[in-house]
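In: Give me a 3D structure for the following:
(3 chains)
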Amino acid sequence: MTSTSFKHIGQRSIRPDGLDKVTGKARFGADYYLPGMLVGVVVRSPHPHATIKSIDTTAARAISGVKAVITAQDFPEISHEEAMSGESVVDFRDLSHNVMARDKVLYIGHPVAAIAATSQQAADAAAQALQVVYEIHPHVLNVDEAMASDAPILHSDLDPDGGEPTNIAKRHVFNRGDTKQGFARADVVIEREFTTKQVHQGYIEPHAVVADTGEDGRSVVWCSSQGHFLVRDQTAKVLGWERSRLKVIPAEIGGGFGGKTTIYLEPLAVLLSAKSGRPVKMVMSRDEVFMATGPGPGSRVRVKIGATSDGKITAAEVWMAFDAGAFKGSPVGAACQTVLAPYEIHDVSITGLDVVINTPKVAAYRAPGAPIGAFAAESVLDEIAEALSMDPIDLRYQNAVEEGSESTYGPTFKLIGFKETLEAIKEHPHYKATLGPNQGRGVACGFWFNAGLGSSATVSIHEDGTASVLTGSPDIGGSRASMALMAAEVLGIDETRIRPSIVDTDSIGFTDVTGGSRVTFATGMAVIEACGEIVEDLRGRAAMIWGAEPDDVEWQSGQAQHSDGSKPPLSLAEIAGSAAKTGGPIAATASLTARGVGPAFSTQVCDVEVDPDTGLVDILRYTTAQDAGRAIHPSYVEGQMQGGVVQGIGWALNEEYVYDDSGRMENPMFLDYRMPVASDLPMIDTVIVEVPNPGHPYGVRGVGEVGIVPPLAAIANAINGATDVRLRDLPMSPPRVVDALSSELNGATGTPAG
Amino acid sequence: MPYVAPSTIDEACDFLRSNPGSRVFAGATDILPQSKAGRRLPEFLVDLKRIPRLTGLNVDDKLWRIGASTPAAHLTRDSRLSGEFPGLVEAAGLIGSDQIQTRASLGGNLCNASPAADTGPSLVVNEFSAVIASPEGERTVPVTAITTGPGQTSLTNDEFIVEFLADRPAAGTSDAYQRFTPRTEMDIAVVGAGARVSVGPTGEVTNADLVLGAVAPTTVPIVGISDALVGRSLDEPGLERAADLAKEQIEPISDKRGTRDFRIHIAGVLTKRVLRTAAERAGAES
Amino acid sequence: MKTHVTCSVNGDPVEFLVDDSQTLLSALRDELKLTGVKEGCGTGDCGACSVLLNGELTCSCLVFAPEVQNSQVVTVEGLADPDNLHPLQAAFLEGAALQCGICTPGFLVAAKALLDRNPTPNEKEVRYAIAGNLCRCTGYDKIVRSILDVAADLASESETVGE
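Out: The predicted structure follows:
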């Protein structure tokens, strides 16, 4: 199947929700105003680690205009219970304790109470008046401190090795083959150590919610999230409510990148609304977003890779410690699985530690964990290529996984397009362009599994021949357009006649989060299936009209055609117009768990210029090649590729959580948490590689995440190209670069892997 | 916190004298983020933008007058000012984004008294003075007399800056401002450097001044720059000497935006670059 | 005590009551329900709340609401005329210059301010003119291209007019 055989798929159509978004009409989380609405605020811990001795709400409640105050005692105590929630595992007890601290606060910003009042001023005054007595404990702010022998312990029930409680929540170990023998076969072995800091997803829209609880005790919730079913289910769990008591209506979402696959404000707003009997709106300020919502983890990583003189990798050992923030659940497991996944390596030993520290609990961030692993592994590979005087793409190509390769994390790959991305970069004019003084070029690769999970779609054909496509997948990056294009392809009508909508939890079957690069793949599959049923129905109705058998009817170009050509074709609109006579309304629903996920690979090349005096790294040129399987809407595929790259550039160069000694984040604002601005960047050139995923009717692979995996290493490798100095600590900010350039210690071997 | 917008200097002075809990402002680009960060708003917000004399640019045969509340964007759009004080205009063009520059003013930038304020070094190096209005009348002081420390000025609560004055630069004199930030825009100077250089008819340096920002509680005029550069064409040894002088005379702190050592290093780099740029603008051989 | 403010928003006369410490952003959103203006940070660092105040590009989160007495404010809701999108809005749609769309209103207002002042910017000028607007989804590529597309159209139109 080539893309030329499609009529709609592959078109750069105007997104159906676009008009509302360029005119200011689209309603995001904070854009809902209800009659009688109260303002809700959260009272947060000023200490990174403390026991709550008492909370006195008397003075807060006495303030005029205050309608409800809630604290830990308003929440049911629930036991540890781990479940898949969206892409990741959630422990509902931890979740509950994160949205409202119980006995202990574990980070600055941890909620200890919430207040609803008739005005912001009254709510703020009540927050000031609330009396909390704390007993302060020492705190730990990174994995090194947390794993020290005398470290203060955050949780009394974490002991993966069965001994005394520790801050190590979990140890992931994967061994295969014999790495000792593997390294013995190697002609070059390189081992290095890397560190990265916590970074934030940096969505521009702060978390926001409106909850309205009726007299019947049921609550309607408007909020922006990556999955309103997840919001419903997690909120119900935390409150001890039946799920059907909550209806969650998805607002437009102003960016998520994984950070909106959990709940923060929702149960507070629902409870405040239930207590006050009025709608309650809660909107985080930017500093609350930084100090109380999921950053991505910081880490320490060691990677050792051996290769023969002709460039065949013989063995690899990886040790990684990721911080999870205040509660267990960093993405270190995913990092273990992805870190070597692009390569055929039999003898591997991978260990990952999940470590709790006194910072906000980490949340998913685009290909969670994978960029950190790739930063380390792809930097070491670059050194091996250098040591062997090999082209870095040739080294990777020689070891690249392909169809039939057994992955380092277990499964055997089906048809994949990794080698094609390497070829695309090697053949790109960028790779051959000349470089000037102080300039360097780096390449790196990345892998991401992508997700399937559950999706539902309902398709209705209206009397006038237009169609509605309902799904439960919030649209963060143009996925409505993809749904319309795929539906158009199946139905054979123009996509402008199809209206895709994202509907509430009472109006469509369960649907997992918009995450794991899964919406176009999995929700698309549900749309295709429902549209397929519609086509079957339409063929049957045409047969009825013609007095023929359904098998005599073919569906082509949006028309029923009699196989012997004996009847004039019947258009979809004609059949729909007489639906009442042929069996009534035309609609179909599909709910499925999507199988056949196709993993994604990306290869990227980056040119930088390093100012040797100031350490400033200028990104001169950037090209990314990615296997999309099939680009349903190429513009939005490119957009995902470009956005992922630029988040990676920010992570590589300037983004980091800076904590002071007291555990307070020093830079909880966009001025000092330095995400890239337009003038920091060049155009990001894209090459969409299409190796169709055999597990999807149209060959779709997820495209959202893998783009952020290679940039950290690509930039580090490019800096090395420009300066002959390797940076192994993120961010590679000017002071770090200046230090590295002036340090003669560069190149020291890391300590042995543990 | 009632808002008042007096339309004359006298009206403003009267109000300030009778309402000691007032704070004057122009662009509000500092006061509003500060209130978000927890600092209390004053009892009265006194908007100075509606007083005609505080907004606008004027130049006669000898003197430039820049209204203290004039938005930075008006400075960057003024081709005469850019021709005569290119460094000051560069500094004004670095105060935040385009959105900020339509509001932020020289008076506000100076009186907010951030050590990292971009226009401070340029105002000082170009020897601007400030006309201060107070209930007792007007007085003129050098701009160096205004800021006394981070967030601190010598002005009393009932005083405000009306306008800035400077002599028009002589032929063969020009200025430059450069700062170092990790991002190209939307950032606070790790170090800022303003330079003014005069050159003689054969291109040799006849005078050079350098003022650094973000390296001490207030701007630091570096002593001895002229001695290092005067009488020679702009060469590397002279610039190295100037950089050493700069590094010796500053006392930066370490904070989230840069360590002390990094700031000292960058101060040296910027010293050379900004002096070279100013000298080239003044007509020196590069 | 609230202050009564009269001004023009998107060409319409409006009046509202505000606390003096309230921002223009809050007045637009909470009082006038013009929710196209977004709050991303409240400190002037993201540009999502950009408006034109008396023709000048401004962060509405950095303006006290009483300041706009007798002023003219233009928000994203005022860019299109009743029958036509502003060319920038059309270009953003055509060029897929938005993903989540939360920053889009601010970018459109900032881009309009740029083209009003400089109808033929080059790429660098565009990038610096929108540096006060953060976008976390797109990497800015398609936003910059869309603005340059409109600038190119304006240039060719003015040539046509000139002929």
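In: worst-scoring helix or strand of the chain, pLDDT-wise?
Out: Answering for chain A, as no chain was given. When each helix and strand of chain A is scored by mean pLDDT, DSSP states H and E, strand A:82-85 comes last, with a mean of 84.
In: look at chain B instead
Out: Ranked by mean pLDDT, DSSP H and E, the weakest helix or strand in chain B is helix B:31-36, scoring a mean of 88.
In: mind listing the strands for the stretch 1-150 of chain B?
Out: With DSSP state E, counting those that start in this stretch as the criterion, the stretch 1-150 of chain B has strands at B:3-4, B:22-25, B:44-47, B:57-59, B:63-67, B:129-134, B:137-142, B:147-149.
In: For those, give me CSV that also has mean neighbour count, distance to residue A:155 and mean pLDDT.
Out: Any C-beta I mention is one placed from the backbone N, CA and C, and that applies to glycine too. Shown next, in CSV, are the strands of the stretch 1-150 of chain B (neighbours: other CB atoms under 10 Å in any protein chain shown; distance: least, CB to CB, whole Å; pLDDT from 0 to 100):
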stretch, mean neighbour count, distance to residue A:155, mean pLDDT
strand B:3-4, 19, 50, 94
strand B:22-25, 23, 47, 94
strand B:44-47, 20, 48, 95
strand B:57-59, 14, 63, 97
strand B:63-67, 21, 60, 98
strand B:129-134, 21, 58, 97
strand B:137-142, 12, 60, 97
strand B:147-149, 16, 45, 96
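In: Out of the ones you listed, which is closest to chain C?
Out: Of all those, strand B:3-4 sits nearest to chain C, with 4.0 Å by CB to the nearest CB.
In: Which elements pack onto that closest one?
Out: strand B:44-47 (3 or more CB pairs under 8 Å, 6 or more residues apart in numbering or on different chains; DSSP states H and E).
In: In its sheet, which strands sit next to the strand it packs on, and in what direction?
Out: Partners of strand B:44-47 in the sheet, by DSSP bridges, are strand B:3-4 (parallel), strand B:22-25 (parallel).
In: Could you work out which of the ones you listed reaches nearest to residue A:609?
Out: The closest of the strands paired with strand B:44-47 to residue A:609 is strand B:22-25. By CB to CB, the value is 40.8 Å.
In: Show me what that closest one is in contact with.
Out: Outside of strand B:22-25, the residues within contact range by CB atoms under 8 Å, 6 or more residues apart in numbering or on different chains are B:12, B:15-16, B:31, B:41-48, B:108, B:157-158, B:160.
In: Pull out the buried positions in stretch A:211-219.
Out: Residues of stretch A:211-219 classed as buried: A:211, A:212, A:213, A:219 (neighbour count, 16 or more other CB atoms under 10 Å in any protein chain shown).
In: quick one: which of these sit in strands?
Out: Counted as lying in strands by DSSP state E, out of these, are A:211, A:212, A:213, A:219.
In: Go through those and name the one nearest residue A:102.
Out: Using CB to CB, residue A:211 comes nearest to residue A:102 of these, at 21.9 Å.
In: tell me which element the residue most central in space within chain C is part of?
Out: Centrality entry for chain C: nearest residue to the mean C-alpha point is residue C:109, 1.9 Å, by CA atoms, centre = their mean. Using DSSP states H and E, the secondary-structure element containing residue C:109 is helix C:104-117.
In: got the contact list for the closest residue in space to residue C:13 that isn't next to it in sequence?
Out: In this structure, residue C:13 finds its nearest non-sequential neighbour in residue C:6, 7.1 Å apart by CB to CB, 6 or more residues apart in numbering or on different chains. The neighbourhood of residue C:6, defined by CB under 8 Å, 6+ apart, consists of C:13, C:14, C:15, C:69, C:70.
In: Reformat those into CSV and put secondary structure and neighbour count next to each item.
Out: Formatted as CSV, those follow (DSSP: H, G, I helix; E, B strand; the rest coil; neighbours: other CB atoms under 10 Å in any protein chain shown):
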residue, secondary structure, neighbour count
C:13, strand, 8
C:14, strand, 17
C:15, strand, 10
C:69, coil, 14
C:70, coil, 9
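In: Identify the farthest-apart pair in those.
Out: Farthest apart among these by CB to CB are C:13 and C:69. That separation is 12.6 Å.
In: Could you give the number of residues near the closest residue to chain A within chain C?
Out: Using CB to the nearest CB, the closest approach of chain C to chain A is made by residue C:36 at 1.9 Å. By other CB atoms under 10 Å in any protein chain shown, 29 other residues sit near residue C:36.
In: I'd assumed residue C:75 was in contact with it.
Out: Yes: if you go by CB atoms under 8 Å, residue C:36 and residue C:75 touch, sitting 5.8 Å apart.
In: what residues are shared contacts of these two?
Out: Listed as contacting both residue C:36 and residue C:75 by CB under 8 Å, 6+ apart are A:24, C:105.
In: Check the gap between residue A:557 and residue A:698 for me.
Out: To residue A:698, residue A:557 is 17 Å away according to CB to CB, to the nearest Å.
In: Chain C contacts on chain B?
Out: B:1-3, B:5, B:27-29, B:32-33, B:35-37, B:41, B:45, B:47, B:49, B:71, B:73, B:96-100, B:102-103, B:184-186 (CB under 8 Å from any CB of the partner chain).
In: Inside helices: which ones of those residues?
Out: Using DSSP state H, the members of these that fall within helices are B:32, B:33, B:35, B:36, B:73, B:98, B:99, B:100.
In: Look up how far residue A:565 lies from the first one.
Out: Looking back up the chat, that one is residue B:32. Taking CB to CB, one finds residue B:32 at 73 Å from residue A:565.
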